[in-house]
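1. give me a 3D structure for the following:
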Amino acid sequence: MVPLQTPAAAPPRLACRDLRAALDVLHAVGEACAGSEDFARRGVAHLPRLVGSDLTTLVVCDLDGGHRTVVPSGLVGRREIEVFDRYFYQHPLVREHGRNPDAVTKRIDDLVARCEFHRSPLYNDYYRPIRIRHVMAVPIHVDGRFLVSFVFNRGGSAFTDRDRDLAEVMRPHLANLYRLGVAIERTRELPADAPFDRAGAPIDCACAPLTPREREVLDWVAAGKTNRDVAAILGASPRTVEKHLERIYEKLGVETRTAAVMRAIERVRYDA
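-> Numbers count the residues shown, from 1 in each chain. The predicted structure follows:
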């Protein structure tokens with residue numbers, strides 16, 4: 001007789017209070033965010049309110065160079081970074097998330113048996129000396145070379161399914177905030193009159209430059225502000241902001257505020 005199989009357990013459902021807490025943290029991370037570095041600092045400060053962590057970092061992994069950069073700097077020592085890089089390509093989360101466009105939040109426990117991980121050189125040379133036993137990574141940007149993730153580390157209890165689900169609920173929104181932060185920095189680095197073609201590349205034609213005021217409006221839109229918010233910040237009327245946006249759309253060859261912001265994001269090249 002073939003034994004009956006036990007149905008797989010349904011994934012845990014998040015309570016309304018969990019979702020409200022996630023929204024509160026997202027608001028704290030993204031409110032008036034001034035760029036990617038500010039986003040990293042806010043994320044590291046506020047995300048542990050949602051998912052308890054002994055050490056929370058934003059990490060940028062150079063998949064070609066086999067090197068990890070930790071933000072904010074100083075949270076992990078130079079020697080520890082060198083040891084981590086020694087096992088870079090063996091790390092279960094780097095292997096799972098690197099160059100994976102479908103990457104989602106994972107715990108090391110999801111990928112390898114805990115006893116096996118605790119016998120590995122990576123654990124004994126890197127994690128054991130810094131007293132970390134459990135790791136969970138939230139990938140917010142993945143491309144052909146770089147992997148950017150928020151990483152939660154614990155020395156005590158393991159991350160629960162609820163912890164993972166909460167982090168995963170946040171992940172796509174954190175990814176958008178990160179990209180917007182990078183776009184803000186890049187647009188501010190460009191000349192005020194730098195126009196773009198429909199592919200998002202700078203062009204030499206002087207017939208469609210963004211004015212300084214239009215670039216300022218675009219910066220605030222990229223930061224997630226409404227037309228009314230932008231009007232209050234700039235001391236203008238909402239109708240004036242709308243007119244600025246109409247001209248921005250025409251010059252960038254787009255039709256919506258989201259597309260205008262994405263035009264800036266498409267130009268971004270991430271570097272460590």
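
2. and the helix ranked longest in the chain, which residues are buried?
-> In the chain, with assignment by DSSP state H, the single longest helix is helix 161-189. Judged by neighbour count (16 or more other C-beta atoms under 10 Å), helix 161-189 contains these buried residues: 163-167, 169-171, 173-187. Placement of C-beta: from N, CA and C, glycine included.

3. ok, and what's touching stretch 164-174?
-> For stretch 164-174, the surrounding residues in contact (C-beta atoms under 8 Å, 6 or more residues apart in numbering) are 11-12, 14, 18-19, 21-22, 25-26, 29, 43, 47, 50-51, 104-107, 110, 136, 138-140, 150, 152.

4. ok so, going back, so which elements touch the next helix or strand after the longest helix of the chain?
-> Using DSSP states H and E, the helix or strand that directly follows helix 161-189 along the chain is helix 212-222. Applying 3 or more C-beta pairs under 8 Å, 6 or more residues apart in numbering; DSSP states H and E, one finds that helix 212-222 contacts helix 161-189, helix 227-234, helix 238-252, helix 257-266.

5. please write out the alpha-carbon positions of the helix or strand hosting F84 in PDB.
-> F84 belongs to helix 78-86 when elements are defined using DSSP H and E. This file holds the C-alpha atoms of helix 78-86, laid out as PDB (Å, rounded to 0.1, in the frame of the first residue of the first chain):
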ATOM      1  CA  ARG A  78      38.600  44.600   7.000                       C
ATOM      2  CA  ARG A  79      39.800  41.200   8.100                       C
ATOM      3  CA  GLU A  80      36.200  39.800   8.200                       C
ATOM      4  CA  ILE A  81      35.500  41.200   4.700                       C
ATOM      5  CA  GLU A  82      38.700  39.500   3.400                       C
ATOM      6  CA  VAL A  83      37.600  36.200   4.900                       C
ATOM      7  CA  PHE A  84      34.100  36.500   3.500                       C
ATOM      8  CA  ASP A  85      35.500  37.200   0.000                       C
ATOM      9  CA  ARG A  86      37.600  34.000   0.300                       C
END
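
6. what helices or strands is that helix leaning on?
-> strand 67-71.

7. would you mark the buried spots in the strand it packs on?
-> Using 16+ other C-beta under 10 Å as the test for burial, strand 67-71 gives 68-71.

8. where does pLDDT dip in this protein?
-> Along the chain, the parts satisfying pLDDT under 70 run over 1-12, 185-209, 222-224, 258-259, 261-272.

9. domain-wise, how is it divided?
-> 16-185, 191-266 (automatic domain parsing).

10. just the buried subset of the contacts of stretch 164-174, please.
-> 18, 22, 25-26, 29, 43, 47, 50-51, 104-107, 136, 138-140, 150, 152.

11. looking at these, which are in strands?
-> 106-107, 136, 138-140, 150, 152 (DSSP state E).

12. let's have the residues you listed in a markdown table, adding distance to E246.
-> As requested, these are arranged in a markdown table below (distance: C-beta to C-beta, whole Å):
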| residue | distance to E246 |
| --- | --- |
| K106 | 44 |
| R107 | 47 |
| M136 | 44 |
| V138 | 37 |
| P139 | 36 |
| I140 | 32 |
| F150 | 37 |
| F152 | 43 |
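
13. and those, which two are the farthest apart?
-> Farthest pair in those (C-beta to C-beta) is R107 and I140. Separation: 16.4 Å.

14. tell me which stretches of the stretch 1-150 of the chain form helices.
-> If DSSP state H, counting those that start in this stretch is used as the criterion, the helices of the stretch 1-150 of the chain fall at 16-30, 36-46, 78-86, 92-97, 108-111, 114-118, 121-122.

15. quick one: closest of these to L58.
-> helix 36-46 (4.2 Å).

16. which strands and helices sit next to that closest one?
-> helix 16-30, strand 55-62, strand 67-71, helix 161-189.
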